[in-house]
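> quick check, what structure comes out for this input:
(chains A and B)
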Amino acid sequence: MYKPSWKVGVLFSKTGPLAVIEETQLRGTLLAINEINEQGGIKGRPIKPVYYDPASDASAFGQYAKRMMVEDGVKTIFGCYSSSSRKSVVPVVERLNGLLWYPTVYEGFEFSTNVIYTGAAPNQNCVELCNFLMQHFGNRFYFVGTDYVYPRVSNRIVRDFVTSNGGKVVGEKYVKLTAQHHDYSPIMRDIKNVKPDVIFSTVVGKSTADFYQSYADFGLDPKLMPIASLTTTEAEIKAMGTDVGEGHITAAPYFEGIDNKASLAFTKRYKKRYGNEPTNTCVETAYFQVHMFAEALKKANSLCTDRLRANVLGIDYEAPQGNVSINLSHGHADVWTRVGRANRSGLFDVLYASNSAVVADPYLLSYGAKREFA
Amino acid sequence: MDVKVNTKQKDSNIYSMHGRNIADHYKFSDLRIAVITNPDDRSEPLIRELQKTRAEVKHIWPPPEFVPSDYDVVYTDLMENLPSRLESLPGLPQFSLIIIISASNHVDLKMLENCAPHGTIHLPVTEQAVLSSLVVARSHFLYENRLRKRIQQLDDNLISVRNIERAKILLMERKGFTEEDAYQHMRRQAMDKRVTVGSIASAIVDAQELFS
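Take a look at the predicted model:
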């Protein structure tokens, strides 16, 4: 008997400056869909992805989301890396009652009944990262970021964490999304001059490689003054060269090589399908959220947003990073906190890990009344 | 092609029947209305009724590739690919949208929903139906905008409340203020500088390294 497929939307860029990371999210998504279909689909029906390439253009995300919902009859969309692209899709899914699954670390302070947030919010990575950096390197921070909403909002939060714990922000610079090697030279000269203890980076996309390469060219030493980031994953380290990335610090819920069954099975299947590419936190999140969706779909037996979302809230899943769950009240994932240092092989040695998933607090309601550390 | 429609005001119409002038009350004369419809003897009365409101009415046909967004209100036939002819995203409408439904044609309900319209009007029209569609669609559109603004304001307030809380603690810790003094200090600064307490608090949080 013919059974129609479950149609879902997939929106990650294959081209443009954010392709370096979004393409890995696309792969994570497709890998999970493929696994589910190989197991016979959901209720005997395969999942069928509808895909468009928004080419790293935030407004194209909104237009494609509309096209998916209007012309392709899609209700659920897996997609978006940058906050600008998410903000472009949100009004569409809100008005047409769709569901966006957003698998990326972001700046928090958002809630929508039409979004499931599966990446880390600031309380799930910034707090421990700042703590770690101040303990090991010192308290003078220098911010460098790509000029859009996420880095600016994120830096305000980090600035607050740093300064309220006795640290100091000694520089704050923003570059355009397409910044190249030479665009970082004046910043590097300033850094040499100001001599911070830590460079805190919210540079994203292809330009990340230029940034770290420029750092290396200026002869700076990660042992003394590392670049710390929430967005530099194994994918960006590979793009810049593992010798350039070595010694720098990143906080993320997942790093390749976490020692548990789900993680080892995930990396094995990923490499089987995509060759010897490293996995990273964005792939992992894109991957586990599709499996979570599948669990919810089994129970809902419907792609109708209201029924599906009701089955997503409160759900938990054994993800490669460990057990994760979707918070009942605001649809954010409770994810793990880890701090890692890149090694010569392009992977991260985990220097700190939480004991369990950290409850998402996107509005930082329980932070701020007291000092967090120090 | 633009079609000119002659309007002959009837002596007795809804405007003169009411004691209060409806057109003035709703400020129809401030509105720019586009009507995208196949000109025939059933759509003509629609255009005529709209013109009677003293709004600026423009008839557009054949259908444009994109529905123009520089009108306050757009009446349009439910034509092929209408959702993709609308450039603004659903959820961020730029005008009130009213879909013209012809009783004799099949209505694609899915497409109708996907256009996220603010109302429908059914041909053949009556004077009452045209006015009702205009008033209801317009008020839905404006209400939606107010709600969006309110949500934005609430989001901003959430951040403000957090900043005020943070700034209060900073002033208490670093300056030895009492809780009440801290609030008063921020209020006074806000009044002197003619800005919100939220923005004073935000400046204090951002500049906290200057305290030590």
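> just read off the phi/psi values of the residue of the stretch 201-350 of chain A at minimum distance from chain B.
Nearest residue of the stretch 201-350 of chain A to chain B (Cβ to the nearest Cβ) works out as A:His330 at 12.4 Å. The way it works is simple: take the backbone N, C-alpha and C, and place the C-beta from them, glycine included. Dihedral angles of A:His330 (phi, psi; degrees, to the nearest 10) stand at phi -130, psi 10.
> how far away is it from A:Thr24?
In this view, A:His330 and A:Thr24 are 27 Å apart by Cβ to Cβ, to the nearest Å.
> which one of those two has more residues nearby?
Using other Cβ atoms under 10 Å in any protein chain shown, the more surrounded residue of A:His330 and A:Thr24 is A:Thr24, with 29 against 18.
> pull out the buried positions in the worst-scoring helix or strand of chain A on mean pLDDT.
In chain A, the helix or strand scored least confidently by mean pLDDT, DSSP states H and E is helix A:149-164, which has a mean of 89. By neighbour count on 16 or more other Cβ atoms under 10 Å in any protein chain shown, the buried set for helix A:149-164 is A:150-164.
> what about it and chain B, any contact?
Yes. Helix A:149-164 reaches chain B (Cβ under 8 Å from any Cβ of the partner chain) through A:Arg156, A:Arg159, A:Asp160, A:Thr163, A:Ser164.
> now, which of those residues sits nearest A:Val89?
A:Arg156 (23.7 Å; Cβ to Cβ).
> how much space between that closest one and A:Ile191?
A:Arg156 sits 21 Å away from A:Ile191, taking Cβ to Cβ as the criterion.
> do A:Lys223 as well
Taken as Cβ to Cβ, the span from A:Lys223 to A:Ile191 is 16 Å.
> now swap in A:Leu364 and tell me
Distance from A:Leu364 to A:Ile191, by Cβ to Cβ: 29 Å.
> what do you get for A:Leu26?
In terms of Cβ to Cβ, A:Leu26 sits 34 Å off from A:Ile191.
> quick check: which ranges of the chain have low pLDDT?
Just so you know, I chose chain A. Across chain A, the ranges flagged by pLDDT under 70 are A:1-2, A:368-374.
> switch to chain B, please.
For chain B (pLDDT under 70), the answer is B:1-21, B:23, B:209-212.
> that one: strands as residue ranges?
B:32-36, B:56-60, B:73-77, B:96-102, B:119-123 (DSSP state E).
> okay, the third one in PDB with CA atoms only?
As requested, the backbone C-alpha atoms of strand B:73-77 are provided in PDB (Å, rounded to 0.1, in the frame of the first residue of the first chain):
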ATOM      1  CA  VAL B  73      -5.600  48.500   1.600                       C
ATOM      2  CA  VAL B  74      -5.500  46.000  -1.300                       C
ATOM      3  CA  TYR B  75      -8.500  44.200  -2.700                       C
ATOM      4  CA  THR B  76      -7.500  41.400  -5.000                       C
ATOM      5  CA  ASP B  77      -8.900  38.500  -6.800                       C
END
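> and that strand, how far out from the chain's middle?
Its chain's average C-alpha position is 15 Å from that of strand B:73-77, according to Cα atoms, centre = their mean, to the nearest Å.
> in its sheet, what does it sit against?
Using DSSP bridges, strand B:73-77 pairs in its sheet with strand B:32-36 (parallel), strand B:96-102 (parallel).
> would you mind getting the angle between that strand and strand B:56-60?
Note on geometry: by axes from the mean of the first three to the mean of the last three Cα atoms, to 10 degrees, strand B:73-77 and strand B:56-60 are set 30 degrees apart in direction.
> contacts for strand B:73-77?
Around strand B:73-77, the neighbours that count as contacts under Cβ atoms under 8 Å, 6 or more residues apart in numbering or on different chains are B:31-38, B:46, B:50, B:55, B:63, B:67-68, B:82, B:95-100, B:102, B:121, B:134, B:137-138.
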